[in-house]
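Peer 1: predicted model follows, preceded by the sequence.
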Amino acid sequence: MTKVFRWSFVAHDFCSPGFDEGAEEVSGATFRVGSGATERVDLAIRGDHLFFDRLDAGAEVRFGPIAGADTDPAHGNADGEVTREELVRVPLSAIEGADGAYLAEAPLDLATWVYLLMDHTAYLGGTAACLPFDREDVR
């Protein structure tokens, strides 16, 4: 099965590293660079994390629910393109075989779920998960 994704992540800030030199506590992955110095920091984007079925350690990669947003006549038009609009029409409670995954008891849609997963895609230094910038709403 081949699907094309037609949605944007422009409104999401993937990583909020701590740069406040005077702060005693810093949230997120951090690094310090002295005045006039340079530092190499690796940022990894894990696209497979957008297909996770959970937000915790037991997560599995599942493509079916996202593909189904396009192919299920209740949600999509089966044109081979998965759009944000199609994802919005899929309530998490409608995902078959969720087995406690997808926060299926929450009143969320699949588009919101994918947006939440973006918080788990960026890693500074390869292992330290980035925390997203504060945002007031989920788009």
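Peer 2: Now that the structure is in, tell me what you want to look at. Numbering: from 1, shown residues only.

Peer 1: where does the nearest residue to T71 once chain neighbours are set aside sit: helix, strand or coil?
Peer 2: Once its chain neighbours are removed from consideration, T71 has its nearest residue in A78; the separation is 5.0 Å (Cβ to Cβ, 6 or more residues apart in numbering). C-betas here are computed from N, CA, C, even on glycine. The assignment at A78 comes out as coil when based on DSSP: H, G, I helix; E, B strand; the rest coil.

Peer 1: and A78, how far from G68?
Peer 2: When Cβ to Cβ, to the nearest Å is applied, the distance between A78 and G68 equals 10 Å.

Peer 1: ok, back up a step: can you count the residues close to the residue nearest to T71?
Peer 2: By other Cβ atoms under 10 Å, 11 other residues sit near A78.

Peer 1: I'd say it and A69 touch.
Peer 2: No. Contact between A78 and A69 fails when scored by Cβ atoms under 8 Å: they sit 10.5 Å apart.

Peer 1: what segments of the protein are helices?
Peer 2: Assignment of helices within the chain using DSSP state H yields the ranges 64-71, 84-88, 110-117.

Peer 1: residues in contact with the last one?
Peer 2: Residues external to helix 110-117 that are found in contact with it (Cβ atoms under 8 Å, 6 or more residues apart in numbering): 7, 12, 49-52, 55, 65-66, 69, 84, 87-88, 90-92, 95, 102-103, 108, 138-139.

Peer 1: can I get it as PDB, trimmed to CA atoms?
Peer 2: The C-alpha trace of helix 110-117 is given here as PDB (Å, rounded to 0.1, in the frame of the first residue of the first chain):
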ATOM      1  CA  LEU A 110      -6.300  11.200  14.900                       C
ATOM      2  CA  ALA A 111      -4.900  14.600  13.600                       C
ATOM      3  CA  THR A 112      -4.500  15.800  17.200                       C
ATOM      4  CA  TRP A 113      -2.900  12.400  18.100                       C
ATOM      5  CA  VAL A 114      -0.300  12.900  15.300                       C
ATOM      6  CA  TYR A 115       0.300  16.400  16.500                       C
ATOM      7  CA  LEU A 116       0.900  15.100  20.100                       C
ATOM      8  CA  LEU A 117       3.400  12.500  18.700                       C
END
